[in-house]
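whatever this is, show me its structure:
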Amino acid sequence: MLDLKSIDSSWTLFLDRDGVINEEKSQGYIYHYGEFVFYKGVREAIQYFSSRFQHIILTTNQRGVGKGLMSEEDLHQVHKLMLQDITALDGRIDKIYFASSIHDDDPMRKPYPGMALLAKKDFPAIDFSKSIMVGNNLSDMAFGRNAGMHTVFLKTTSPDQTIPHEWIDLAFDSLEDFAKALQNS
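Reported below is the predicted structural model:
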């Protein structure tokens, strides 16, 4: 079980993107930043997390690139503008990893831990036993578990998810609610 009081500045926060930071686009992908809509309170939550966590890593499955529906450059442009909006409030995301493969068994796609292992290679101080994966799908939770992390499930897109669940340590309605709980711990 995850005790929020135990989290100090040596911990790492892993975040999913769609359904966590921004509203998921129904039956589609975010093709450009004009379609990217932050959830309420997310930028402020990330601003708080920036003072609380050693590293903040974004890991996102982006099958639209692999399907040829958007280019990697399109994706990088969305992320560049997203980061500008986050840093404007003194927030930060240290690095973004994405899996563009269309194949479910690709080791870089969640639920496999490939993106976490890349992050550990780039940031050797990451200790997965002192890391939290925040996501809105069970594949995010499995990704966290497969890398040895704690998990936080957000009910943004799956409010009826059965909890307790073996892959979920804690659950909140939104990233903003998780930040408030962490602040009050």
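
which strand runs longest in the protein?
Looking across the chain with DSSP state E, the single longest strand is strand 55-61.

from the contact counts, what lies against whatever helix or strand comes next after it?
The helix or strand immediately downstream of strand 55-61 is helix 63-66, counting by DSSP states H and E. Helix 63-66 sits against helix 72-87, with contacts defined as 3 or more C-beta pairs under 8 Å, 6 or more residues apart in numbering; DSSP states H and E. To be clear about C-beta, it is placed using only N, CA and C from the backbone, and glycine gets the same treatment.

pLDDT of the helix it packs on, averaged?
For helix 72-87, the mean per-residue pLDDT is 98.

re earlier: report the distance from the longest strand of the chain to the chain centre.
Mean-position distance between strand 55-61 and its chain equals 5 Å (C-alpha atoms, centre = their mean, to the nearest Å).

now do the strands in the protein.
For the chain, the strands defined by DSSP E cover 12-15, 55-61, 95-99, 131-135, 150-154, 170-172.

got the angle for the fourth one vs strand 55-61?
Orientation of strand 131-135 against strand 55-61 (axes from the mean of the first three to the mean of the last three C-alpha atoms, to 10 degrees) gives an angle of 40 degrees.

in its sheet, what does strand 131-135 sit against?
Sheet neighbours of strand 131-135, with direction, are listed as strand 12-15 (parallel), strand 150-154 (parallel) (DSSP bridges).

out of the ones you listed, the one nearest Gln27 is which?
Gln27 lies closest to strand 150-154 among the strands paired with strand 131-135, at 20.1 Å (C-beta to C-beta).

residues of the closest one that come out buried?
Neighbour-count burial for strand 150-154, counted by 16 or more other C-beta atoms under 10 Å, picks out His150, Thr151, Val152, Phe153, Leu154.
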